[in-house]
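Q: Please find the sequence and the predicted model below.
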Amino acid sequence: MRFQTQLVPARLIRRYKRFLADCVLEGGEEITAHCPNPGSMLGLADPGTKLWLEPNSDPKKKLKYGLRLVESPEGELICVDTSAANRIIAEALAQGQIPDLAGYSGHRPEAPYGQNSRVDFLLTQPGLPDLYLEVKSVTLSRSAGLAEFPDSVTARGAKHLRDLTQMVQAGHRAMMLFLVQRGDCQRLALARDIDPAYGAAFDAATRAGVETLCLGADIGLHGICVQKNARIAL
C-alpha cells in the first residue's frame, strides 16, 4: 500500500476527541489533522511526539492532513491509521503474499455475516470451506519486542469474535488476523489487563475453532506492505 502523497513531518501538540490531532509543521505552522484511529494510541500520543502526516487537496475534506505514522524516539515507524490494515491485507491477498491463505482466489470485502456485522474479507475457493477473515491493526507495545492488542476496551472486537464463532459452528472457517504495524516486535499478546472481556471472548472463540494469524509489516515513508515470511508469535 503506497501513500497517495509524500508524507510531511510534524510534532504532536495534542490529540483530542479521538479523531483530531493538533500538530505543528516543521516550518512552525500549527494545523489540525484527522487522526484515523478509534483506540487510545497508548504510548503514541504524547505531546511532542514526531508524526508523519499525509497532505491532501480534496475540496470535500475539511482537514487537509491525515495522521499516518508515529515515529518512536528510536526512529521506529508505527502506522496508527487503523484503516490502512485492511488495504495492506487486501493487496497481500490479491498478490498471494500470505502463504496461509494462498489457496483462496476469491477475496470479497465487507461481506455481511453474523449479527448485523460485515466481515473484513470473505475468502472463497471451489472445493474449500468459505473463510471469514477479520483484520485487526496492532500498535501497542509496553515491553521490548512485545506487541499487545487491544489498546483500549473494544466491545466491537469481542462481538467480531462471537460472530466468527458462529461461522465455525455453521461449518465454515473463521480467522482473526492481527497485523502488527510496527517493526520492533516479534511477539504478540492479548492486553488482558486493558480489556478482560476481549481476552475471555478470544479464549472462547479459540476453543470453538476460530483460527489466529499474526503478521508483521514493513513500514516506510512511501508505503507499507506485509513482511514476507514473517509471522509473529502469539
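A: Thanks, I have the structure now. Small disclaimer: the values here were computed from a predicted structure and weren't measured. Residues are numbered from 1 along each chain as shown.
Q: quick one: low-confidence parts of this structure?
A: 229-231 (pLDDT under 70).
Q: center of it - which residue?
A: Ser137 (1.7 Å; Cα atoms, centre = their mean).
Q: what's the neighbour count on Lys228?
A: Each residue near Lys228 was counted by other Cβ atoms under 10 Å, and the total is 11. Any C-beta I mention is one placed from the backbone N, CA and C, and that applies to glycine too.
Q: cool, Arg162 as well?
A: 16.
Q: what's the answer for Asp120, then?
A: 19.
Q: re the thing from before, spatially nearest residue to the residue nearest to the centre of the chain (excluding sequence neighbours)?
A: Ala85 (3.9 Å; Cβ to Cβ, 6 or more residues apart in numbering).
Q: same check, this time on Glu148
A: Nearest one to Glu148, counting by Cβ to Cβ, 6+ apart, is Ala191 at 4.1 Å.
Q: And for Cys79?
A: Here the residue nearest Cys79, using Cβ to Cβ, 6+ apart, is Gln181, at 4.0 Å.
Q: does the residue nearest to Ser137 count as helix, strand or coil?
A: helix (DSSP: H, G, I helix; E, B strand; the rest coil).
Q: residues contacting it?
A: The contact partners of Ala85, by Cβ atoms under 8 Å, 6 or more residues apart in numbering, come to 135-137, 179, 181.
Q: of those residues, closest to Ala144?
A: Gln181 (17.2 Å; Cβ to Cβ).
Q: Tell me the first helix or strand C-terminal of the lengthiest helix in the chain.
A: Identified as the longest helix of the chain according to DSSP state H is helix 155-169. Helices and strands here follow DSSP states H and E; after helix 155-169, the next one along the chain is strand 173-180.
Q: looking at the contacts of Ala85, which has the most residues close by?
A: Neighbour counts for the contacts of Ala85 (other Cβ under 10 Å) peak at Leu179, which has 27 neighbours.
Q: With adjacent residues omitted, what lies nearest to it?
A: Ala85 (4.7 Å).
Q: cool, Ser57 as well?
A: Lys64 (7.5 Å).
Q: from memory that neighbour sits against Leu53, does it?
A: No: using Cβ atoms under 8 Å as the test, Lys64 is too far from Leu53 to be in contact (9.3 Å).
Q: between the two, which one's more packed in?
A: Neighbours were counted for Lys64 and for Leu53 using other Cβ under 10 Å; Leu53 has more, 22 against 15.
Q: Is the more buried one in a helix, a strand, or coil?
A: Leu53 ends up strand, using three-state DSSP.
Q: Domain ranges for the protein, per the record?
A: 8-79, 84-231 (automatic domain parsing).
Q: what's near enough to touch the residue nearest to Arg18 when sequence neighbours are not counted?
A: Closest residue to Arg18 apart from its sequence neighbours, by Cβ to Cβ, 6+ apart: Pro38 at 5.9 Å. Residues near Pro38 by Cβ under 8 Å, 6+ apart: 18-19, 82.
Q: If you rank the residues you listed by neighbours, which is first?
A: Thr82 leads the contacts of Pro38 on contacts (other Cβ under 10 Å) with 19 neighbours.
Q: The spatially closest residue to that one that is not a sequence neighbour: which element?
A: Using Cβ to Cβ, 6+ apart and skipping the chain neighbours, the partner closest in space to Thr82 is Ser137 (4.4 Å). Ser137 belongs to strand 131-138 when assigned by DSSP H and E.
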